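> everything below, folded, please.
(one chain, ligands or ions: 1)
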Amino acid sequence: MLNGKSIVLGVTGSIAAYKAIDIASKLTQLEARVDVVLSKEAKQFVTPLTFNAVTGRAVFSDMFDATIKQDITHVSLAETADVIVIAPITANTIAKLANGIADDIICSTVLASKSSIILAPAMNVNMFDNSITQENLCRLKNRGFIIVGPEYGRLASGIEGKGRLSSSTEIIGTICQVLAKEGDLRNKTVIVTAGATQESIDPIRYITNHSTGKMGYALAEAARDRGAKVKLITAPTSLEKIVGIETESVINGEEMYKAVKESVSSADVLIMAAAVSDYRVDNISNEKIKKENGILHLDLFPSIDILLNINGNFIKVGFAAESNNLIENAKKKMKEKKLKIIVANDITSKDSGFGSDNNRVIIISKNGKIDELPLMSKRKVADEILNKVVIALSE
Ligand code: CTP
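Numbers count the residues shown, from 1 in each chain. I've put the predicted structure just below:
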């Protein structure tokens, strides 16, 4: 996801410094080049060796270290960084940055840089609430710095308040958003649906299917990372909320239909990855249905086909979950539902599809092109689909 991106991660002297190890590790796993810069105070909490081990790269903390290679100084770090993140940043470093003080390697790097800068504060609640800190943050925000958090929760002092470092997911999500500014879906609005809708039978029971929402969520995240304004309309899933996108939760097909209808007016692309239940129950019981009545007969009525019924000046992308005649059935759905792109997958395949982190799909484009992709992560599949979307947008 972050292949080829250069990220400078500054860590200052807060107890939350240990959480920066997780951030550095996850960014590295996402294939970013992570250069960690520690303040003198941060080294009281975490060691350069730890960051060196998780990033596989040199760690910087002394501006005047004569052993540092000439091509890696605070100035070169500042120049090569695609984004600088300081997590955690203390009230002290916030104050220094707000006043242009450059008396350590982190502040000098920031002052020498023209790249985007993300600050994730973590401190005692009173220090955070103090009007001096608030004014400093306001000045930095007005100068274009991006502030993430802090979050409300238990603080090191034992009390609850606003001052906890935002989660790694939140901070990395913000980094991805910042880096997406030049992406090939910038200025585009993409609506994605995900998950399995639920159709109630009574207050306790419902009809649903095996979809977990992973493919739709991967698409929403991938579109965000390519600069799109994304709205995710999701049926219930156990997946974590995606940072930096608008999410609307729905339960059944009717709610999803309404949400999609209201959202598409401003959309460039609609991707229906949701597994919408094809049937809804007529006469949902208000009371729990008791088993003493013996055999239960349910009248199931076809639910509205969202993709078929929603049309407009946007690109429609659909999925075809099939157990046989994959390409033939997918092409039929493509024609009926007036799709630009259809993504067919064989739901009987054991190593892909429902619940798996991987998928093996065939992408069929309106121009008749058929791309049979090998097994790959759903995130990679999402990017392959978006590559086709970008082509369709340019046609
Ligand atoms: N879809 C939809 N509304 C429905 C059912 C499906 O918008 N009520 C969308 C799905 O999100 C998917 C596409 O239509 O993008 C195809 O869904 P799929 O379940 O493969 O096929 P169906 O059209 O439901 O037909 P069938 O179940 O008979 O294969």
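
> report the mean per-residue pLDDT for stretch 9-19.
For stretch 9-19, mean pLDDT is 96.

> and it, what's buried?
9, 10, 11, 12, 13, 14, 15, 16, 17, 19 (16 or more other CB atoms under 10 Å). Any C-beta I mention is one placed from the backbone N, CA and C, and that applies to glycine too.

> among these, name the ones in helices.
residue 19 (DSSP state H).

> can you add distance to residue 267 and give the buried residues of stretch 9-19 back as a markdown table?
Supplementary listing: these in a markdown table, determined by distance: CB to CB, whole Å:
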| residue | distance to residue 267 |
| --- | --- |
| 9 | 35 |
| 10 | 38 |
| 11 | 40 |
| 12 | 42 |
| 13 | 46 |
| 14 | 42 |
| 15 | 44 |
| 16 | 39 |
| 17 | 42 |
| 19 | 37 |
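
> out of the buried residues of stretch 9-19, which is nearest to residue 27?
residue 9 (7.1 Å; CB to CB).

> in the sheet, who's paired with that closest one?
residue 36, residue 85 (DSSP bridges).

> who touches stretch 32-52?
Applying CB atoms under 8 Å, 6 or more residues apart in numbering, the contact partners of stretch 32-52 are 2-15, 17-18, 20-21, 24, 27-28, 55, 57-61, 72, 74, 77, 81, 90, 93, 104-106, 109.

> would you map the strands across the stretch 151-300 of the chain?
For the stretch 151-300 of the chain, the strands defined by DSSP state E, counting those that start in this stretch occupy 151-154, 160-164, 189-194, 199-200, 206-207, 229-234, 246-249, 269-272, 279-281, 300-302.

> pull the residues that contact the fifth one.
Read that as strand 206-207. 198, 199, 200, 201, 277, 279, 280, 281, 300.

> now the buried members of those residues.
Buried residues within the contacts of strand 206-207, defined by neighbour count using 16+ other CB under 10 Å: 198, 199, 201, 277, 280, 281.

> and those residues as JSON lines, adding pLDDT and distance to residue 188?
Formatted as JSON lines, the buried ones among the contacts of strand 206-207 follow (pLDDT from 0 to 100; distance: CB to CB, whole Å):
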{"residue": "198", "pLDDT": "97", "distance to residue 188": "30"}
{"residue": "199", "pLDDT": "97", "distance to residue 188": "32"}
{"residue": "201", "pLDDT": "96", "distance to residue 188": "40"}
{"residue": "277", "pLDDT": "95", "distance to residue 188": "29"}
{"residue": "280", "pLDDT": "95", "distance to residue 188": "33"}
{"residue": "281", "pLDDT": "93", "distance to residue 188": "38"}
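
> care to break this protein down by domain?
6-179, 184-282+299-394 (automatic domain parsing).

> let's have the ones you listed in a markdown table, adding distance to the ligand.
Formatted as a markdown table, the domains of the chain follow (distance: least, CB to the nearest ligand atom, whole Å):
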| stretch | distance to the ligand |
| --- | --- |
| domain 6-179 | 25 |
| domain 184-282+299-394 | 3 |
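
> could you look up the SS state of the closest residue to residue 323 other than its chain neighbours?
Of all residues not flanking residue 323 in the chain, residue 348 sits nearest, at 5.0 Å (CB to CB, 6 or more residues apart in numbering). Secondary structure of residue 348, reduced to three states by DSSP: H, G, I helix; E, B strand; the rest coil: coil.

> quick one: low-confidence ranges for this structure?
66-74, 352-353 (pLDDT under 70).

> hmm, back to that, put the buried members of the contacts of stretch 32-52 into a ChimeraX selection.
Selection of buried members from the contacts of stretch 32-52 for ChimeraX, criterion 16+ other CB under 10 Å:
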select :2,5,6,7,8,9,10,11,12,13,14,15,17,20,21,24,27,28,55,59,60,61,74,77,81,90,93,104,105,106,109
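
> please narrow the contacts of stretch 32-52 to those residing in strands.
Applying DSSP state E to those, the entries found in strands are 6, 7, 8, 9, 10, 11, 59, 60.

> check whether the fourth one really touches residue 24, as I assumed.
Yes - counting by CB atoms under 8 Å, residue 9 does reach residue 24; the two are 5.6 Å apart.
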